[in-house]
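Q: Okay, predicted coordinates and the sequence, questions at the end:
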Amino acid sequence: MNRSALTLGLTILLAFPVCYGSTPAASWFVDYQPEYGKSTEISDSKDWVTIDRLYFHINKYFILSEWSNVSETCRFDEYKILGISSPVSCLSYQSVPRFLENVKVGWVDGVSLMIDFPDVDRVSNMAYWFEIVGRVRGLVVAALEQAVRENNGETLPFKHVIIRNLLKKDVQKYPWIMELLSIAVKPAASFHKGFKPKLWFIQDIGRDFQQWVGFQRVILLKRDKKILKGDESRNLFVSKEIARAFREDMRKEFNVSFASPPQDITLILSADDAGIFNAGEVLRLFHEYKNTLGGRAFYVRPYSPTLGVPIESFARRMAQTQILVARHTSHLGYSLFLQPGSVVIELLPRNYDSFDSFYVYRALSRSMGDILHWVVPANGSDAAVFQSERDERYAAWLPGECYAKDCAEAHEMAEIVVDVSLLRSMLDALVQVGIENVGRHDASGLFNFSAPSKAKRIQANAGLLYEEEE
């Protein structure tokens, strides 16, 4: 893949066929045709909303209806479709075609995949991007399966990808975003040689653009709220087969070979994120266990990357890793490069339930089905070392009380004090089973440790780890 610097204002064609759009008036719109002038139609499914004939004008989206059908077309709550940050209003007219002819609407033909990024202030949050690519890959696979069933090899899954609430310059700071999106739609590029969707951002249909714009068909990805609430039955990918195919595409894209067997225990100590207060104690614990986890000795390796490190560097480090240990951070997304049978130990900050992305990496591991993922929560007000006295005033706040932005950010940026006794009980469980046996079973059957009170007695049975309640 060509990883040269992305330049603002230019159309850039990557080796994977996604290109940045130029100015809309130059290459996006087609002339309005009378047959386009129909009321909006909306169909809602589990993973996405399909909107036929969605309209945009001066930073706002509209659905249009004939007077005779307004109760059916406008039944959707105005905040339901695109979110509070960009409400959708319903306009009704005696004749929709006549209205559209009068305003000379510009038209975006074909299917447009629209992505609504969850938090515009956290573009670098890899958890959010994995939510997106899991849904995109599922959509692409579903479209290709339909094309095969209908014997229609000419139908493209979509012609445009619109990240409707982000600026191009903010996305271009992190090259791995484009790489993830590119790999997510790779099956379509293999199936359709002409698949070269254009990528658009908020400035491409900006608030200063006065013309009415009509989209022939929009597919809007939805967030899975059950994942955000910690539902253990929900995964980021539609199936394990799709998730593992995505992982294999990632590995091939970056020419990563798995070590056989991997011999490293990697502890991520990132300079980009809040730290681990007792990191030295955690390292000493793993050194204590490095010769007893399986039939071979392990190396304990601290790793201190930044978000600017090339994705290849992460990939090669993960390919050598059997046990990945990290606090909840974007770097956990690179667990995708771990080979089957690996273990992820995620160190959570206190009040992690206050953030809607803290369950995503567990959902990513469950999607694979062959990665064991444990969490070590920071419990109690003494499990966080705050950056300032101002932040420390939130030390005793419970998850249900910590939804205010200042409280949430204070806990997110505090150093965590890892519960070493809980971590030790996890390693004892691995010693009983032998880490080499983890990969011989479907890891989705491995029970996560969720709190010290539930991890008092651990048994091993046929290589599966589980908790026994007292």
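A: Now that the structure is in, tell me what you want to look at. Numbers count the residues shown, from 1 in each chain.
Q: so what's the residue sitting furthest away from the middle of the chain closest to, chain neighbours aside?
A: What lies farthest from the middle of the chain is Q94; by CA atoms, centre = their mean that is 42.7 Å. Leaving aside its chain neighbours, Q94 sits nearest to W67 (5.4 Å; criterion: CB to CB, 6 or more residues apart in numbering). For every residue, glycine as well, the C-beta is placed using N, CA and C.
Q: Surely that neighbour is in contact with Y93?
A: Yes - if you go by CB atoms under 8 Å, W67 and Y93 touch, sitting 6.9 Å apart.
Q: rewinding a little: distance of the residue farthest from the centre of the chain relative to S342?
A: The gap separating Q94 from S342 is 63 Å, by CB to CB, to the nearest Å.
Q: helices and strands around the host helix or strand of A189, which ones?
A: Per DSSP states H and E: A189 is located in helix 186-191. Helices and strands touching helix 186-191, as assessed by 3 or more CB pairs under 8 Å, 6 or more residues apart in numbering; DSSP states H and E, comprise helix 126-149.
Q: how close does the nearest residue to I435 once chain neighbours are set aside sit to F56?
A: Nearest residue to I435 in three dimensions, chain neighbours excluded: G294, at 4.2 Å (CB to CB, 6+ apart). Applying CB to CB, the value for G294 to F56 is 57 Å.
Q: neighbour-wise, which of those two wins?
A: F56 (22 against 18; other CB atoms under 10 Å).
Q: For D382, see how far away the more buried one is.
A: In this view, F56 and D382 are 51 Å apart by CB to CB.
Q: try A245
A: Separation of A245 from D382 (CB to CB) stands at 45 Å.
Q: cool, S388 as well?
A: 17 Å.
Q: chain center to the helix holding A189: distance?
A: Relative to the chain's own centre, helix 186-191 is displaced by 20 Å; criterion: CA atoms, centre = their mean, to the nearest Å.
Q: Please, where are all the helices along the stretch 1-150 of the chain?
A: 24-27, 70-73, 96-103, 126-149 (DSSP state H, counting those that start in this stretch).
Q: show me the contacts for the residue lying closest to N235 once chain neighbours are set aside.
A: Distance criterion CB to CB, 6+ apart; nearest residue to N235, sequence neighbours excluded, is S367 at 4.1 Å. Going by CB atoms under 8 Å, 6 or more residues apart in numbering, S367 touches G134, N235, L236, F237, K240, A243.
Q: Among the residues you listed, find the lowest-pLDDT one for me.
A: Ranked by pLDDT, the contacts of S367 bottom out at N235 (81).
Q: you'd agree that one is up against S365?
A: No - with contacts counted by CB under 8 Å, N235 stays clear of S365, the gap being 9.1 Å.
Q: So those two - more neighbours on which side?
A: More neighbours surround S365 than the other of N235 and S365, with 28 against 23 (other CB under 10 Å).
Q: hang on, that one packs against V375?
A: No - counting by CB under 8 Å, V375 is not a contact partner of S365; they are 10.4 Å apart.
Q: Spell out for me which residue occupies the centre of this structure.
A: With distances taken as CA atoms, centre = their mean, F130 lies nearest the centre of the chain, 1.9 Å away.
Q: Could I get the pLDDT score of that one?
A: For F130, pLDDT reads 88.
Q: about what we covered before: which secondary structure elements does whatever helix or strand comes next after the helix holding A189 sit against?
A: For helix 186-191, the following helix or strand on the C-terminal side (DSSP H and E) is strand 198-200. Judged by 3+ CB pairs under 8 Å, 6+ apart, strand 198-200 is in contact with strand 19-20, strand 160-163.
Q: Confidence-wise, which of these is weakest overall?
A: Ranked by mean pLDDT, the helices and strands packed on strand 198-200 end with strand 19-20 at the bottom, a mean of 51.
Q: mind listing the helices for the stretch 201-350 of the chain?
A: Along the stretch 201-350 of the chain, counting by DSSP H, counting those that start in this stretch, helices occupy 225-228, 240-253, 279-289, 311-319.
Q: then the last one to PDB, C-alphas only?
A: Extracted as PDB, the C-alpha positions of helix 311-319 are listed here (Å, rounded to 0.1, in the frame of the first residue of the first chain):
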ATOM      1  CA  ILE A 311       1.000   0.200  11.900                       C
ATOM      2  CA  GLU A 312       3.600  -2.300  10.700                       C
ATOM      3  CA  SER A 313       5.600  -1.700  13.900                       C
ATOM      4  CA  PHE A 314       2.600  -2.700  16.000                       C
ATOM      5  CA  ALA A 315       1.800  -5.600  13.800                       C
ATOM      6  CA  ARG A 316       5.200  -7.200  14.100                       C
ATOM      7  CA  ARG A 317       5.300  -6.700  17.900                       C
ATOM      8  CA  MET A 318       1.900  -8.300  18.200                       C
ATOM      9  CA  ALA A 319       2.900 -11.300  16.000                       C
END
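Q: which parts of that helix are buried?
A: I311, F314, A315, R316, R317, M318, A319 (16 or more other CB atoms under 10 Å).
Q: which one of those is nearest P175?
A: Of all the buried residues of helix 311-319, the one with the least separation from P175 (CB to CB) is I311, at 7.5 Å.
Q: isn't that closest one right up against S182?
A: No - counting by CB under 8 Å, I311 sits too far from S182 to count as a contact (11.5 Å).
Q: about what we covered before: give me the more crowded residue out of A245 and D382.
A: Remark: of A245 and D382, A245 carries more neighbours, 16 against 10, as counted by other CB under 10 Å.
Q: Need the pLDDT of the more buried one.
A: 93.
Q: Tell me how many other residues crowd E401.
A: So E401, with other CB under 10 Å, has 12 neighbours.
Q: Does it touch A408 like I think?
A: No - counting by CB under 8 Å, E401 does not reach A408; the two are 10.7 Å apart.
Q: Nearest to V417 among the helices of the stretch 1-150 of the chain would be which one?
A: helix 126-149 (22.8 Å).
Q: Could you pull up phi and psi at V238?
A: phi -60, psi -40 (degrees, to the nearest 10).
Q: and it, what does it touch?
A: D47, G134, R137, G138, V141, A142.
Q: which one of those has the most neighbours?
A: Most surrounded of those: other CB under 10 Å gives G134, at 26 neighbours.
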